[in-house]
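Q: Next input, structure requested:
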Amino acid sequence: MFARGTRISSCLMHTVTLGSRSLLAKSSITRVSGRIWRTLEALQLKKSFSETVDETRRPSVFDPSKQSAFLNLTGGNLSEEKRGRKAVEIANSIAKLNMTSNEKLSSEDVVWIDEKICLVGIGLRTNYDGFTKALYSGIFNSKRVAAVRDIFDRSISHATLSSCIKVVSDDIVVVLDSVQNPLKRRLVNLYFETEKFHFSLERHDLDFTEFLHEAGLRVVPVSTESEVVAFRREDVPVQQSTNHVLMVAPTAFAPNVYTAEDNFFMDSARSQDVADLQQKALCEYASLYNLVTAKDAAGLRVHLFTHEPYHDTPDAVYPNNWFSTHTDLEVGECTLVLYPMKAPNRRKERRPEFLHRLFMFRRYTNVFDLTRHEEALEPRFLEGTGSLVLDRVNRVAYCCLSERTDLTLARTWARVMGYSLEPFTAWDASGRPIYHTNVMMSIGTRVAVICSSSIQDKEERRRVCTRLMDSHEVVDISLSQVNSFCGNVLEVENFYGKPVMLMSSTAYHAFDSKQLELLQKHQHDLLHVDISTIERVGGGGVRCSIGELF
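A: Sure, this is the predicted structure:
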C-alpha cells in the first residue's frame, strides 16, 4: 500500500526507500524498528529496498523547494502543463460541437482537474442541454464529470465556474468564498463513465464544498473574483491547521497506571466502575464527534477508530502522541513520523489497521521512524505533538523537556524536518515538571496560547515568548488555567477552509472575557464541548484527542 518511492527513515538519519529493483535481506533493514517492520510485513508492505549510506547528510527530500515526483500531493503541480493542454483541447472540441439554439456551453465553465475528474459549471453561460451533449460526445476526457449547478446565485460577476474556482496545484483549489454560502451554494450531480461515451448518474444534489473535500482537495477560500484569477501556486500557504483528522473513540477507556506516574492532570478514578466510566466517556465523546463533524460547526473529515480491552490501550483516545504528518510544502516531501512512547501500553496504540489506513492514502512518500529508541539500552522518548508544539508556517518547534521529551531526539527531529527548535523546561503550580508541551501551549495561524509563568528560567521565558510574539498575537494563561486545559486547545480548518479553535468546556469557561475576545479576533469561531470525564481520568483535553492529517 506504500506509494512507489516511499522512504522509511529511522533515527539517526538512516533512510530506506521502497523501490522496484533490488531486494535486500531483512537483516539489512534492522535500522527500521522491528515493531514497525513486523507491521509492514503483516500488511504485505515489504517491497524492494535501497539505503542511503551517508548518515551525516540531510536527505535532499527535505529541500522545501523540491516537489515529489510520485504522487499528486499538497503543493505539487505535476499536472499543470497537462491541465493547460486539456483546457485548449476541450475549448476546441466545444467550438466544433453542433449546438442548437437551446444548447449552451462555455469553455470557461469547464475546469479539468485530471483524468479522474472534470468539473463543468451549469448556470448563466452553460445549460444542462449543452452539458449533456458535450458529456456524451466524450470531450471532457475524465472518468467522472461533475455538473456544478449554480441554482441560487446567478451572479453576473462570477457567471462561469472558472471565475469561482481555480486549480492551483494537484490537490488544492481556490474557491470564491461567497459560493460556499449556504444561500448561494452550488450543487453537484456526478456522472461516472460506465463505458466509452456512456455515463450514469452516480450521485446528485451534493453540496459543492463537500464534494471537493470528498475528492481529496484542499479548499483555500478567497474573497473576490480577481483573487481567484490572480492566485498562483506560489501563493498557496503552508497549513498550520487541517480539516482532516484521525480519532479513536474511548470504547475501552480506563485509567492508565503507567502514564499516571508523571501526568499530574489525571485523577485515577480507581473507585469508579469501569463500565460506568466508559459509558460516561463515550457519551462525552459522541458530543465531541458531533461537534467536529457538523458542517455548521467544525465540519472535519474524520477517520474514526475504536479499541478493545484486549488491545491494552487505555489511552488510545489520545492519538496525537504516536504519529504526526507533514506536507511537502512544509518539509519538502509528504512525511509520516512515528514516535517513541514512554509507557509500554501506549506503544501498542500503533496498531496495524491504523498504519494501514495512513498508508492507504498513498500520500506519505517518506516515513521517519523513531520508535526503535523505545527498546534501546538507554531508552529515549519523544511523544509526537504532545512533546512538540509546531509552528508549521514558520517551521519552529517548541519543546518542553521532560521524561517523555528527550532533547537529543528533539534536535534530531528538528534537523531532519528542517525546523528550528525552541527547547525549555516548565513546571506546574505544585512545582512538578509539565509532562507534555501541549498542555501549556498551543499555536494557531495568527494567535498562540502559552503559560509563560510555567517557564521559571527567565532567559528561557524571554527567548520563547519573544520568538512566539514575532509571529503571533499571544494569549498568556495562568497555571490554574493550565489545570483547566486552556493550553490544550487546537486550531483546525473548518468545512469552508476557515480557522476555528476547538477546546473543552472546562477550558472555555476558564478563559476570561479578554482572552476569549483575543482568540475570537483570529478565529472564525470558538467551539467547545464537555469532555470532563475524559479530561479527569485520561489527563488530556480536546487537542490530545485529535490526530491531525496533513
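Q: what about stretch 379-393, how long is it end to end?
A: Stretch 379-393 has its terminal residues 31 Å apart, counting by CA to CA, to the nearest Å.
Q: contacting residues around G138?
A: When contacts are counted by CB atoms under 8 Å, 6 or more residues apart in numbering, G138 touches 196-197. The C-beta positions use only the backbone N, C-alpha and C, and glycine is treated the same way.
Q: What does the pLDDT read for it?
A: The pLDDT attached to G138 in the predicted structure is 95.
Q: any idea how far it lies from S532?
A: In this view, G138 and S532 are 58 Å apart by CB to CB, to the nearest Å.
Q: Then T437?
A: Per CB to CB, T437 is found 23 Å from S532.
Q: between those two, who's got more neighbours?
A: More neighbours sit around T437 than around the other of T437 and S532, counting by other CB atoms under 10 Å; the figures are 30 against 15.
Q: Contact partners for the more buried one?
A: Remark: with contacts taken as CB under 8 Å, 6+ apart, T437 is in contact with 386-389, 398-400, 405, 426.
Q: longest helix in the chain, by residue count?
A: Scanning the chain for the helix with the most residues, using DSSP state H, yields helix 274-293.
Q: Return that one as PDB; C-alpha atoms alone will do.
A: The C-alpha trace of helix 274-293 is given here as PDB (Å, rounded to 0.1, in the frame of the first residue of the first chain):
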ATOM      1  CA  VAL A 274     -15.100   0.800  34.600                       C
ATOM      2  CA  ALA A 275     -18.300   0.100  32.700                       C
ATOM      3  CA  ASP A 276     -19.800   3.300  34.100                       C
ATOM      4  CA  LEU A 277     -16.700   5.200  33.400                       C
ATOM      5  CA  GLN A 278     -16.600   4.100  29.800                       C
ATOM      6  CA  GLN A 279     -20.300   4.900  29.300                       C
ATOM      7  CA  LYS A 280     -19.700   8.500  30.500                       C
ATOM      8  CA  ALA A 281     -16.600   8.800  28.400                       C
ATOM      9  CA  LEU A 282     -18.500   7.600  25.300                       C
ATOM     10  CA  CYS A 283     -21.400  10.000  25.900                       C
ATOM     11  CA  GLU A 284     -18.900  12.900  26.100                       C
ATOM     12  CA  TYR A 285     -17.000  11.600  23.000                       C
ATOM     13  CA  ALA A 286     -20.200  11.400  21.000                       C
ATOM     14  CA  SER A 287     -20.800  15.100  21.700                       C
ATOM     15  CA  LEU A 288     -17.200  15.800  20.600                       C
ATOM     16  CA  TYR A 289     -17.600  13.800  17.400                       C
ATOM     17  CA  ASN A 290     -20.800  15.600  16.600                       C
ATOM     18  CA  LEU A 291     -19.200  19.000  17.200                       C
ATOM     19  CA  VAL A 292     -16.100  18.300  15.000                       C
ATOM     20  CA  THR A 293     -18.100  16.700  12.100                       C
END
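Q: Could you spell out the sheet neighbours of the helix or strand following it, each with its direction?
A: Per DSSP states H and E, the first helix or strand lying C-terminal to helix 274-293 is strand 301-305. According to DSSP bridges, the neighbouring strands of strand 301-305, each with its direction, are strand 244-248 (parallel).
Q: what residues does the strand it pairs with touch?
A: Residues outside strand 244-248 that contact it (CB under 8 Å, 6+ apart) are 289, 292, 300-307, 316-319, 349, 354, 357-358, 492, 545-550.
Q: List buried residues within those.
A: In the contacts of strand 244-248, burial by neighbour count holds for 289, 292, 300-303, 305, 307, 316-319, 349, 354, 358, 492, 545-550, counting by 16 or more other CB atoms under 10 Å.
Q: who touches the closest residue to S287 other than its chain neighbours in this structure?
A: Nearest residue to S287 in three dimensions, chain neighbours excluded: V529, at 5.0 Å (CB to CB, 6 or more residues apart in numbering). For V529, the contacting residues are 284, 287-288, 291, 504-505, 542, by CB under 8 Å, 6+ apart.
Q: go on, K521?
A: Taking CB under 8 Å, 6+ apart as the criterion, K521 is in contact with 447, 473.
Q: repeat for V219
A: If a contact means CB under 8 Å, 6+ apart, then V219 has 173, 175, 180, 209, 212-213, 243, 496-497 as its contacts.
Q: Thank you kindly, that will do.
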